[in-house]
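Peer 1: Give me a model of this one.
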Amino acid sequence: MEHILAKTLLIDKVVELIASQYSLSLKDARDELYNSNVIKLIDDEDTGLYGESPLYVLSLFEQEKNSK
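Peer 2: I've put the predicted structure just below:
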């Protein structure tokens with residue numbers, strides 16, 4: 001339950017980036033992120049991903065999306 005604010009801010013920014021990159025609504029972009037493994041990594045305190053830049057997290061999301 002730690003780093004909740006950092007996670008929330010990161011997720012919001014990544015959702016905005018996904019929406020922009022893929023021409024999606026914010027709701028659809030949020031759904032895409034929440035259906036990815038990246039959201040699990042953000043939520044996992046041990047990864048420290050919550051402290052990374054939104055662009056870095058977006059790149060992880062894109063790598064996962066392109067590998068499917």
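Peer 1: use CA for all of it now, contacts and neighbours both
Peer 2: Fine.
Peer 1: Chain neighbours aside, what residue packs nearest to residue 53?
Peer 2: Counting by C-alpha to C-alpha, 6 or more residues apart in numbering, the nearest residue to residue 53 once its immediate chain neighbours are dropped is residue 10, at 7.6 Å.
Peer 1: hmm, I was thinking of residue 24
Peer 2: Ranked by C-alpha to C-alpha, 6+ apart and with sequence neighbours excluded, the top spatial neighbour of residue 24 is residue 18, at 7.4 Å.
Peer 1: returning to what we had before: the residue nearest to residue 53: neighbouring residues, count only.
Peer 2: Burial of residue 10, expressed as a neighbour count using other C-alpha atoms under 10 Å, amounts to 21.
Peer 1: distance of it from residue 56?
Peer 2: Taken as C-alpha to C-alpha, to the nearest Å, the spacing of residue 10 relative to residue 56 amounts to 11 Å.
Peer 1: what residues do these two have in common as contacts?
Peer 2: Counting by C-alpha atoms under 8 Å, 6 or more residues apart in numbering, no residue touches both residue 10 and residue 56.
Peer 1: on that earlier part again, quick one: residues contacting the residue nearest to residue 24.
Peer 2: Each residue near residue 18 by C-alpha under 8 Å, 6+ apart is listed here: 24, 29, 58.
Peer 1: can we see that at 10 Å?
Peer 2: With contact taken as C-alpha atoms under 10 Å, 6 or more residues apart in numbering, residue 18 is in contact with 24-26, 28-30, 32-33, 55, 58, 61-62.
Peer 1: Could you pull out the helices in this protein for me?
Peer 2: Counting by DSSP state H, the chain forms helices over residues 4-22, 26-34, 38-43, 54-66, given from the N-terminal end onward.
Peer 1: Please convert the ones you listed to TSV, extending it with mean pLDDT.
Peer 2: Formatted as TSV, the helices of the chain follow (pLDDT from 0 to 100):
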stretch	mean pLDDT
helix 4-22	97
helix 26-34	98
helix 38-43	96
helix 54-66	97
